[in-house]
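# Dropping a prediction and its sequence here:
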Amino acid sequence: MFEYPPKSVSAELEDAVRQRAASKVEEALALPNKEERNQALSALRESVTAELQEDESFTEHLDEVSTVMKRLEKETMRKQIIERGERIDGRGLDDIRPISSDVGILPRTHGSALFTRGQTQALCVTTLGTIRDEQRIDSIDVREETSKSFMLHYNFPSFSVGEVRPFRGPGRREIGHGMLAERALQPLLPAYDDFPYTIRVVSDILESNGSSSMATVCGGSLSLMDAGVPLRTPCAGVAMGLVKEGDSVAILTDILGIEDALGDMDFKVAGTSKGITAIQMDIKTDGLSLDTMREALERARKGRLHILDVMQQTLGAPRSEMSQYAPRIMTIQINPEKIGEVIGPKGKTIRSIQEQTGAQINIEDSGVVTVSSVSGEAAERAREMIEAIVEEPEVGRIYEGVVKNTTTFGAFVEIIPGTEGLCHISELEEGRTENTEDVVQPGDVVQVKLLAIDERGRLKLSRRAAMTGS
């Protein structure tokens with residue numbers, strides 16, 4: 001492994017900075033609030049620089065003050081952890097920062113959650129869509145275009161860490177953290193056949209002081225359950241840290257941003273009460289022993305269970321009903337040979353159903369028809385119209401049909417859209433009928449019973465049988 005040599009610093013300058021700042025760095029690091037701590041360190045750095053400016057021997061090396069101050073911060077923090085088992089915010093090695101969570105805070109969304117751990121806060125929103133909302137993936141790795149029905153997007157605005165910078169597209173951090181959280185939640189989602197929705201979770205980090213990706217896992221899990229997605233079980237995540245000095249090793253639970261920057265490990269572990277669903281590790285040492293890994297995973301398990309207990313108090317299981325604004329989706333399996341009839345010439349039939357009901361209809365080559373609508377009644381009406389088109393005539397059943405044409409020997413009645421049968425003049429009513437038009441006229445709505453279907457597929461109907469119930 002290639003190691004960059006440490007930045008060279010004037011020995012005289014380093015001694016001068018340490019004499020002036022060592023004790024004050026320890027005092028600044030003891031401040032529990034991140035902003036206060038950063039402001040105190042910044043003020044100390046400016047004070048030391050201003051004091052050294054008065055000595056001409058240091059004039060050419062003042063830009064090295066920041067380097068020495070960073071070393072002091074790192075040494076002080078690590079020494080405190082190794083020797084006293086205390087962290088800069090006053091916690092013990094295994095202590096987790098205070099946690100709070102809430103769900104349903106955005107009433108117009110399908111599901112929402114606000115998860116806060118210490119000074120890290122994630123606002124997660126779940127949106128449910130139809131098959132048309134799936135992400136299309138055209139990759140060089142596969143020959144055919146694929147799609148994914150679950151997406152998690154992570155946003156890390158500059159204000160979350162007290163900075164101001166242009167708001168551009170997602171960078172390495174956003175993509176990596178989003179993929180980690182997505183991988184953690186993916187195994188817990190229901191099978192697509194059981195829950196045929198496209199699911200998108202967006203996590204906006206409102207404040208960050210370490211482990212925002214794991215806050216996304218926790219908030220994402222809560223928002224999914226708030227949206228009524230039947231997760232198999234809730235999911236949480238925690239970031240583990242490490243400080244190693246010689247043979248002395250200290251494992252940290254729920255690390256701060258500064259413990260990540262000045263420590264030796266950032267080990268993110270996400271999962272349920274029964275196991276791990278995703279991990280990611282960044283290390284700055286030559287390696288970790290097996291015993292250290294075992295200990296880190298065991299402490300991560302205990303931390304994860306603690307977080308899950310807190311989440312349980314907010315929302316312990318998926319909601320039984322989805323938001324009134326979420327689409328209602330139902331699927332129908334039809335005979336693939338009937339697909340053309342549902343679509344109609346140049347799409348006329350399917351467009352007509354969508355316009356009349358307001359529902360969206362998608363048909364796959366296998367004959368699976370997906371009907372989606374915000375209104376459950378609209379989806380049900382569209383389903384009935386589709387089933388009427390693809391319905392197969394059933395002998396012995398009474399249908400309500402429209403008289404399409406009359407002849408001297410009877411009337412042709414459409415009992416299913418596109419399916420007509422002959423009601424012979426002798427089957428129009430009891431007794432003898434001289435003229436068909438004496439009983440029915442074109443356009444009349446009548447009830448007829450399907451008596452038989454001959455070998456040529458012709459339908460034999462009877463109005464008399466429908467009237468008498470015979």
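In hand now; what should we look at? Residues are numbered from 1 along each chain as shown.

# Name the SS class of the residue most central in space within the chain, please.
Centroid-nearest residue in the chain: Val201, 3.2 Å away (criterion: C-alpha atoms, centre = their mean). Of the three states, Val201 takes strand according to DSSP: H, G, I helix; E, B strand; the rest coil.

# can you pull the contacts of it?
Going by C-beta atoms under 8 Å, 6 or more residues apart in numbering, Val201 touches 124-127, 151-153, 181-182, 185, 220, 223-224. For glycine as for every other residue, the C-beta is placed from the backbone atoms N, C-alpha and C.

# Tell me how far it lies from Met151.
7 Å (C-beta to C-beta, to the nearest Å).

# Same check on Pro336?
For Pro336 relative to Met151 (C-beta to C-beta), the value is 30 Å.

# Same question for Ile339.
29 Å.

# same deal with Glu26?
Counting by C-beta to C-beta, the gap from Glu26 to Met151 is 46 Å.

# Doesn't Asp365 belong to a strand?
No. Assigned with three-state DSSP, Asp365 falls outside any strand and is coil.

# Do I have it right that it meets Gly340?
No. Between Asp365 and Gly340 there is no contact, the gap being 11.7 Å when judged by C-beta atoms under 8 Å.

# With neighbour numbers in mind, choose between those two.
Between Asp365 and Gly340, counted using other C-beta atoms under 10 Å, the more crowded position is Gly340 (11 against 7).

# Contacts only, for the more buried one.
For Gly340, the contact set (C-beta under 8 Å, 6+ apart) is empty.

# quick check, it in a helix?
Yes. Assessed with three-state DSSP, Gly340 lies in a helix.

# Please read off the pLDDT at it from the model.
For Gly340, the pLDDT comes out at 89.

# ok, it to Gln447 distance?
29 Å.

# I'd like to know how far Ser208 sits from Pro157.
9 Å.

# If you count surrounding residues, which of these two has more?
With neighbours defined as other C-beta under 10 Å, Ser208 and Pro157 compare such that Ser208 has more, 21 against 13.

# Asp15 belongs to a helix?
Yes. Applying three-state DSSP, one finds Asp15 inside a helix.

# What number of neighbouring residues does it come out with?
11.

# Please give me every residue in contact with it.
Here Asp15 is in contact with no residue (C-beta under 8 Å, 6+ apart).

# And it, what's its pLDDT?
In this model, Asp15 carries a pLDDT of 85.

# go on, the one 4 residues further on?
At Gln19 the predicted local distance difference test score is 87.

# swap in Arg463?
Arg463 is assigned 92 on the pLDDT scale.

# Please look at it and His424 and confirm they touch.
No. The criterion here is C-beta under 8 Å, and Arg463 misses it with His424 at 9.7 Å.

# Specify which residue of these two has the higher count of neighbours.
Arg463 (23 against 18).

# can you give me the end-to-end distance of stretch 402-411?
10 Å (C-alpha to C-alpha, to the nearest Å).

# sorry, that was for stretch 217-236
First residue to last in stretch 217-236 (C-alpha to C-alpha) measures 6 Å.

# Tell me the buried residues in it?
Neighbour counts over stretch 217-236 (16 or more other C-beta atoms under 10 Å) mark 217-229, 231, 234-236 as buried.

# what about the chain, any weak spots by pLDDT?
Residues of the chain that meet the criterion pLDDT under 70 lie in 1-8, 59-61, 142-143, 470.

# and the longest helix for it?
Longest helix in the chain, counting residues (DSSP state H): helix 290-314.

# now, which of the contacts of Val201 lie within strands?
Those of the contacts of Val201 mapping onto strands are Cys124, Val125, Thr126, Thr127, Met151, Leu152, His153, per DSSP state E.

# closest to Leu41 among those?
Here the nearest of the ones in strands among the contacts of Val201 to Leu41, counting by C-beta to C-beta, is Cys124; it sits at 32.2 Å.

# Report whether the expected contact of the closest one with Arg200 is present.
No. Taking contacts as C-beta under 8 Å, Cys124 lies outside contact range of Arg200: 10.9 Å.

# Which residue of these two possesses the greater neighbour count?
Between Cys124 and Arg200, counted using other C-beta under 10 Å, Cys124 has the larger neighbour count: 29 against 18.

# Give the bridge partners for that one, please.
Ala113, Ser203 (DSSP bridges).

# Contact partners for it?
Counting by C-beta under 8 Å, 6+ apart, Cys124 has contacts 112-115, 201-204, 216, 219-220, 222-223.

# Can you give me the distance of it to Leu422?
62 Å.

# contact partners of stretch 192-199?
Here stretch 192-199 has contacts from 126-134, 149-151, 189, 224, 229-230, 327, 329, 331, 370, using C-beta under 8 Å, 6+ apart.

# anything in contact with each of Val201 and Met151?
Common neighbours of Val201 and Met151 (C-beta under 8 Å, 6+ apart) are Glu182.

# Isn't Leu41 up against Glu73?
Yes. Under the criterion of C-beta under 8 Å, Leu41 makes contact with Glu73 at 6.9 Å.
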